[in-house]
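1. Structure for this input, please:
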Amino acid sequence: MVVVFVCVTAAVSLAWSHTKLMSQDEMYEFQTDSVPSLAELLHVQKTWPISLDPLLYHALSHGAMQVLGVGAFAQRLPALSGFLLMQVCLFFFVRNLAGERAGAVAAAFPAVTATLFYAVEGRPYGLMLGLYALALLCWQVAAREPTSDNPDVGRPSTRRGWALVGLAAALAGTINAHYFGILLLVPVCAAEAWRTLARRRIDWAMAAAIVVGMAGSLTTRPFLKAAAEFRKNYYNGGGVGVHDITRAYRSIFVNYTQMPMNAQHVWMAALAIFVAALVWGCWRVRVQIATAEWVLVLALAALPFCGYLLARFVTHSIEVRYVLGALVAISAMSAIAVGPWLKRDAVFHFALVALGLGIVVGGAVRIHAEQRRTAARLAGLVLPAEVKAALDASADGRLYVQDMGAFEEGRYYEADPDVQARMTLVYSADEELRWDRHDTMALTAMHMQHFTDVPVVSYETLRSQPGEHVFVLFHSGWDWTDQAFAQDGARVRTLGQAMGGDGVAVRFR
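-> Residues are numbered from 1 along each chain as shown. Predicted coordinates:
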């Protein structure tokens, strides 16, 4: 049954990925990973990074592009593979705790949540979910197998040896996929500490595996040093609050940011009821599971709390997707809680049908919505005739965009090759700091100049050039051009709607 759920999830994800445009952050990943060689990729990430993650996902994406060709599918393949790995590992992990039927439910559960999005997003989060689940399974197998310090229960097996290798690899891999992956050490170390107290002796092989995995953090240091340039004036730096904890849990189940406030309140009430039912269900079966395994699961479920503390006292910035690993524990706990009812054939079959329909119907709804968004966005990229005429008559024939997300999307998906070739990114660290209080986009633009063919120009350079220049303005929190034009006394002539923004002709002199 788990094979069916995994295949259905893969089919839905692939169909969704086929209709989905690359996001701004995916564009950064794509530009980084599509460089000609792994050596160049290493050099970029150590000197001019624009996608601020450690090396693992970049290397896997780069490798996929070398085999399958440069494109969004290859870039997203490691994320999808990680999500499917999570489902498989959840099945075996929960099967060991509550039986095969509960394992099947645990494997299917993630695919009906909002986190399925990360199976089609070419970034490290889908891969991290798989590595989190792999670490839990490997620790469980290694903890249950005989150890060399207790000959009364048998000799250590080859299975335990492979589990220890898998644990070390999963820990090191998670840390090298994302800097917040270091949080995986919290549930693993907490569970092993509890197990050590219960056994009254250290499992040295397990401790060695954890230490080896922890040592994987050493390989992130060159990339962390390069990314630190962004930290001083990062776009969400210093905005850490307790609400990030609840946001993380809500985002696991639904994209609540697109809901009206009344719907969010209803969703919060439903989530509170779910949590209460989950706690009650797990409490009923608590004695059937070893305490150390409960510590492992509960500590992972508390990952958003750990992420908040790490952000509050160390990184000073966080996004809810950094702590999505809690989904693995919540999926396991949900299946364990309903495990006793799943022994009834009717209940089990109903659960399978409901989950299967949830994946298929939910996927169909997501794919349809994505198709509409994509069609609308591609249609909006067509440049109106009046804007095209002004572009042809402009001083340099360039189409300037300051909003990084709009520029990346427009330049990659613009159907007119002439317009695509003319699009130019404008940046200014001074203006971005003055009006937006960060310099993230400016640093990204400056780094791009070192290893991409993206046309980039500083606002200061452009401001000194005579004649009219055609801009597309977006009036967003990421676009400071309105304020800069007003301060510089530029003459702005409106041309009309263009690429989802306003086309204008600007004269600085």
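
2. export the one helix or strand in the chain whose mean pLDDT sits lowest as PDB, just CAs?
-> Between all helices and strands in the chain, the lowest mean by mean pLDDT, DSSP states H and E belongs to helix 261-284, at a mean of 86. C-alpha atoms of helix 261-284 as PDB (Å, rounded to 0.1, in the frame of the first residue of the first chain):
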ATOM      1  CA  MET A 261      -8.800  36.700   8.900                       C
ATOM      2  CA  ASN A 262     -12.100  35.000   9.800                       C
ATOM      3  CA  ALA A 263     -11.100  31.900   8.000                       C
ATOM      4  CA  GLN A 264      -7.800  32.000   9.800                       C
ATOM      5  CA  HIS A 265      -9.600  32.100  13.200                       C
ATOM      6  CA  VAL A 266     -11.600  29.100  12.200                       C
ATOM      7  CA  TRP A 267      -8.500  27.200  11.100                       C
ATOM      8  CA  MET A 268      -6.800  28.000  14.400                       C
ATOM      9  CA  ALA A 269      -9.700  26.500  16.300                       C
ATOM     10  CA  ALA A 270      -9.600  23.400  14.100                       C
ATOM     11  CA  LEU A 271      -5.900  23.100  14.700                       C
ATOM     12  CA  ALA A 272      -6.400  23.400  18.400                       C
ATOM     13  CA  ILE A 273      -8.900  20.500  18.300                       C
ATOM     14  CA  PHE A 274      -6.600  18.400  16.200                       C
ATOM     15  CA  VAL A 275      -3.700  19.000  18.700                       C
ATOM     16  CA  ALA A 276      -6.000  18.000  21.600                       C
ATOM     17  CA  ALA A 277      -7.100  14.800  19.800                       C
ATOM     18  CA  LEU A 278      -3.500  14.000  18.800                       C
ATOM     19  CA  VAL A 279      -2.400  14.300  22.400                       C
ATOM     20  CA  TRP A 280      -5.300  12.200  23.700                       C
ATOM     21  CA  GLY A 281      -4.800   9.500  21.100                       C
ATOM     22  CA  CYS A 282      -1.000   9.200  21.800                       C
ATOM     23  CA  TRP A 283      -1.600   9.200  25.500                       C
ATOM     24  CA  ARG A 284      -3.900   6.200  25.200                       C
END
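
3. by contact count, what packs against it?
-> helix 243-253, helix 326-342 (3 or more CB pairs under 8 Å, 6 or more residues apart in numbering; DSSP states H and E). Yep, even glycine has a C-beta here, placed from its N, CA and C like the rest.

4. Give me the distance from stretch 15-25 to the chain's centre.
-> 13 Å (CA atoms, centre = their mean, to the nearest Å).

5. quick one: contacts for the residue nearest to the spatial centre of the chain?
-> The centroid of the chain falls nearest to residue 125 when counting by CA atoms, centre = their mean (3.6 Å). In this structure, residue 125 makes contact with 79, 118, 178, 321, 324, judged by CB atoms under 8 Å, 6 or more residues apart in numbering.

6. circling back to that earlier point, Throw the helices and strands packed on helix 261-284 into CSV and include mean neighbour count and mean pLDDT, thanks.
-> Shown next, in CSV, are the helices and strands packed on helix 261-284 (neighbours: other CB atoms under 10 Å; pLDDT from 0 to 100):
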stretch, mean neighbour count, mean pLDDT
helix 243-253, 19, 91
helix 326-342, 24, 96
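
7. Of all those, which one is nearest residue 408?
-> helix 243-253 (23.5 Å; CB to CB).

8. Going by contacts, tell me the helices and strands next to that closest one.
-> helix 261-284, helix 303-310, helix 326-342.

9. Mind checking what helix or strand follows the last one in sequence?
-> The one in question is helix 326-342. The C-terminal neighbour of helix 326-342 among helices and strands, as given by DSSP states H and E, is helix 345-380.

10. what helices or strands is that following helix leaning on?
-> If you count contacts as 3+ CB pairs under 8 Å, 6+ apart, helix 345-380 packs onto helix 2-19, helix 100-108, helix 326-342, helix 404-413.

11. repeat that with 6 Å
-> Here helix 345-380 touches helix 2-19, helix 100-108, going by 3 or more CB pairs under 6 Å, 6 or more residues apart in numbering; DSSP states H and E.

12. which of these sits most buried?
-> Mean neighbour count (mean count of other CB atoms under 10 Å) peaks for helix 100-108 among the helices and strands packed on helix 345-380, with a mean of 26.

13. In the chain, what residue spans correspond to strands?
-> For the chain, applying DSSP state E gives strands covering 399-401, 423-427, 456-458, 468-473, 491-498, 501-507.

14. Out of the ones you listed, which is closest to residue 373?
-> Across the strands of the chain, residue 373 has its closest neighbour in strand 501-507 (16.9 Å, CB to CB).

15. give me phi/psi at the residue nearest to residue 232 when sequence neighbours are not counted?
-> In this structure, residue 232 finds its nearest non-sequential neighbour in residue 439, 7.9 Å apart by CB to CB, 6 or more residues apart in numbering. Dihedral pair for residue 439: phi -130, psi 20, per degrees, to the nearest 10.

16. on that earlier part again, name the nearest of the contacts of residue 125 relative to residue 106.
-> Nearest member of the contacts of residue 125 to residue 106, counting by CB to CB, is residue 324, at 16.1 Å.

17. residues contacting the closest one?
-> 115, 125 (CB atoms under 6 Å, 6 or more residues apart in numbering).

18. separation between it and residue 188?
-> Computed with CB to CB, to the nearest Å, the distance linking residue 324 and residue 188 is 17 Å.

19. buried ones in stretch 374-393?
-> Burial within stretch 374-393, assessed by neighbour count using 16 or more other CB atoms under 10 Å, is assigned to 381, 383, 387, 388, 390, 391.

20. So this protein: which segments form each domain?
-> Domain assignment of the chain by automatic domain parsing yields the ranges 2-229+248-371, 383-507.

21. could I get those as a markdown table with distance to residue 238?
-> What follows is the domains of the chain, written out as a markdown table (distance: least, CB to CB, whole Å):
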| stretch | distance to residue 238 |
| --- | --- |
| domain 2-229+248-371 | 5 |
| domain 383-507 | 10 |
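
22. just to revisit the earlier point, could you save the helices and strands packed on helix 243-253 as CSV and add columns showing distance to residue 104?
-> Putting the helices and strands packed on helix 243-253 into CSV (distance: least, CB to CB, whole Å) gives the following:
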stretch, distance to residue 104
helix 261-284, 17
helix 303-310, 24
helix 326-342, 8
